[in-house]
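Colleague: Have a look at this prediction, sequence included:
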Amino acid sequence: MDHPPLGLLLDVDGPIASPLTRTVAQPGILPDLRALLAAGIPVVFNTGRSDAFLRERVIAPLVAGGWPAGARLHAVCEKGAVWGTVGADGLGEVHVDDTLAVPPVCAEVVAALVAGGHGAAMDVDRTKRSMATVEARTDVPPADYRRAQAAFDTDLVAALTARGLGVRLGDRVVRDAAGRCPWRVDPSVIATDLESVSVGKDLGARRALELLAADGPLPRSWHTVGDSPSDYRMADQLHGLGAEVMHVDVHPAGPPPARPYPVTIDPVLRDDAAGARHLRSLVTRFT
Ligand SMILES: [Mg+2]
């Protein structure tokens, strides 16, 4: 088997699933993914989402449209803590790195905060295996959620440190009695994750390389696609390992950050519309 000309590492919320509907809303995305898989382009989803979300919202409709012979598709979920391989029957056995799971008290703290009033803007995501996560309610306007999220994140850090956990939120680091800080509060556009400081899109990229190394030759070059500043860590990691990579930012926060590899931003389209356009360009090029 030859080395594939390209490999794709795809963040899901933003470039694939609409941040508004949280489903695959662009009609071209699933057929184009199938066409790329059929052409021998390996694809790995690299998401902070749970395997349950990915299975229901992306993998089930993708596989329902037919499974290309020889397709290489893997799912890295919860920023590298959870992973599995997709086949004709959907997502197979799910693996969890238990050393990356937050302690049970974290889910209790998050549930109590949501029950205690923060639930007006957010729900608990009960499908996570390694994290404790709240997600924006779809009936709450984004600006309202942002305000509610900032208050929730502050209350979450206070509740966790009151229970003796070491936790960080952005630049703020609160250590435990032993001087450690093993956990991170990580807000994104539609969610806040409470997670191990060892997970991230860079760990997801390393997991993707392991999964692809086990089922065939590695790609000659890569495109990574995401909508958050943290998604650049996929490309940072691949570049750091000596791979040729280009990052596609579908929701830039400003001018493209300086990176030692190319960064592509669609001049007009954002989010899943930009993700769909990029996949279409790859279908034109590789099939
Ligand atoms: Mg995203």
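Modeller: Nice, I can see it. The shown structure was predicted, so the numbers you read here are calculated from the model rather than taken from an experiment.
Colleague: Check which residues of stretch 246-258 are buried.
Modeller: 246, 247, 248, 249, 250, 251 (16 or more other CB atoms under 10 Å). The C-beta positions use only the backbone N, C-alpha and C, and glycine is treated the same way.
Colleague: between the residues you listed, which is nearest residue 286?
Modeller: Of all the buried residues of stretch 246-258, residue 246 has the smallest distance to residue 286: 14.2 Å, by CB to CB.
Colleague: any weak-confidence spans in this structure?
Modeller: 1 (pLDDT under 70).
Colleague: what's the single longest helix in it?
Modeller: helix 142-162 (DSSP state H).
Colleague: rewinding a little: so which of the buried residues of stretch 246-258 sit within helices?
Modeller: Among the buried residues of stretch 246-258, no member falls in helices (DSSP H).
Colleague: In the stretch 101-250 of the chain, which residue sits nearest the ion?
Modeller: When scored by CB to the ion, the stretch 101-250 of the chain has residue 227 as its residue closest to the ion, at 4.3 Å.
Colleague: which ones are touching that residue?
Modeller: 11, 13, 14, 15, 19, 189, 249, 250, 251, 271 (CB atoms under 8 Å, 6 or more residues apart in numbering).
Colleague: now those as JSON lines including distance to residue 80?
Modeller: As requested, those are exported to JSON lines (distance: CB to CB, whole Å):
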{"residue": "11", "distance to residue 80": "13"}
{"residue": "13", "distance to residue 80": "16"}
{"residue": "14", "distance to residue 80": "18"}
{"residue": "15", "distance to residue 80": "18"}
{"residue": "19", "distance to residue 80": "22"}
{"residue": "189", "distance to residue 80": "20"}
{"residue": "249", "distance to residue 80": "20"}
{"residue": "250", "distance to residue 80": "21"}
{"residue": "251", "distance to residue 80": "21"}
{"residue": "271", "distance to residue 80": "23"}
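Colleague: Just the residues you listed: which are in strands?
Modeller: residue 249 (DSSP state E).
Colleague: for the contacts of residue 227, which one is nearest residue 102?
Modeller: Closest to residue 102, out of all of the contacts of residue 227 and judged by CB to CB, is residue 13, at 20.4 Å.
Colleague: How about the closest one, nearest residue that isn't a chain neighbour?
Modeller: Closest residue to residue 13 apart from its sequence neighbours, by CB to CB, 6 or more residues apart in numbering: residue 19 at 6.0 Å.
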